[in-house]
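# no sequence on hand, only this structure:
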Ligand SMILES: N[C@@H](CC(=O)c1ccccc1NC=O)C(=O)O
Ligand SMILES: [Zn+2]
Ligand SMILES: [Zn+2]
């Protein structure tokens, strides 16, 4: 069985949203102190590295992570290359066959230095969510920190995707993966109150 890891590593070098909580892992209770075990302590923003958003992230009345349908985070996914675009809309996907696709991963290859938070990213235009919804897509994954422009306050793409029942997976690492069909596994943690969750995202090729 070959799993392709499409998660960004989490360590003190992992970039975060400007002004957001830095990532930190420390052994807060060492083997010497406890007499038996090393016990780690993790501090991070949920929107660091590879993660999913729940609607509560951008809507006070939106669902929390625990309320999300887990089925969407496991199953067949299509990876397509949309590199070289400054934004992505319906017309950019017209050439791709999306019939029967439930989970769509967009490879932009635009986050070139993984040690730095990008200054500009390709974002999803307003006509993309209805276009994807009409084709039956329920989850969109991107290899950038957001589906909206980094300075967006209204988060039109987040709201538009949510309004069209499309779940959001962000911060994937896709440069080393060939476009095609895979099984995606990217399960959120069972965080009862949270606005999102880090995920370990992997792809399993159908033929190997
Ligand atoms: N929507 C982004 C997160 C985001 O916008 C954000 C995350 C942390 C601190 C500030 C943020 N946005 C500020 O305008 C995301 O889903 O990852
Ligand atoms: Zn997020
Ligand atoms: Zn987001």
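Nice, I can see it. Values in this document were obtained by computation on a predicted structure and should not be read as measured data. Numbering: from 1, shown residues only. Ligands and ions are numbered 1, 2, ... in the order given.

# which parts of the chain sit against ligand 3?
Contacts of the chain with ligand 3, taken as Cβ under 5 Å from the ion, map to 53, 146. In short, each C-beta sits where N, CA and C put it, glycine included.

# middle-most residue in the chain, spatially?
Geometric centre of the chain, nearest residue: residue 170, 2.1 Å, by Cα atoms, centre = their mean.

# residues in contact with it?
Going by Cβ atoms under 8 Å, 6 or more residues apart in numbering, residue 170 touches 47, 50, 51, 52, 53, 141, 142, 144, 145, 146, 147.

# TSV for those, including neighbour count?
Shown next, in TSV, are the contacts of residue 170 (neighbours: other Cβ atoms under 10 Å):
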residue	neighbour count
47	20
50	22
51	26
52	29
53	26
141	25
142	27
144	20
145	21
146	21
147	28
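
# in helices only, show me those.
Judged by DSSP state H, helices contain none of these.

# can you redo those residues as CSV with pLDDT and distance to residue 26?
Listed next are the contacts of residue 170 as CSV, based on pLDDT from 0 to 100; distance: Cβ to Cβ, whole Å:
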residue, pLDDT, distance to residue 26
47, 98, 21
50, 98, 21
51, 98, 21
52, 98, 25
53, 98, 27
141, 99, 30
142, 98, 30
144, 98, 29
145, 98, 24
146, 98, 28
147, 98, 32
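
# just the residues you listed that are near ligand 1?
47, 53, 145, 146 (Cβ under 6 Å from any ligand atom).

# which pair in those residues spans the largest distance?
53 and 145 (10.9 Å; Cβ to Cβ).

# between the two, which contacts overlap?
What both residue 53 and residue 145 touch, as defined by Cβ under 8 Å, 6+ apart, is the set 47, 170.

# check contacts around the residue in the chain that ligand 2 sits nearest to.
In the chain, no residue comes nearer to ligand 2 than residue 47, which is 3.8 Å away by Cβ to the ion. Residue 47 makes contact with 16, 17, 20, 53, 57, 145, 170, 171, 196, according to Cβ under 8 Å, 6+ apart.
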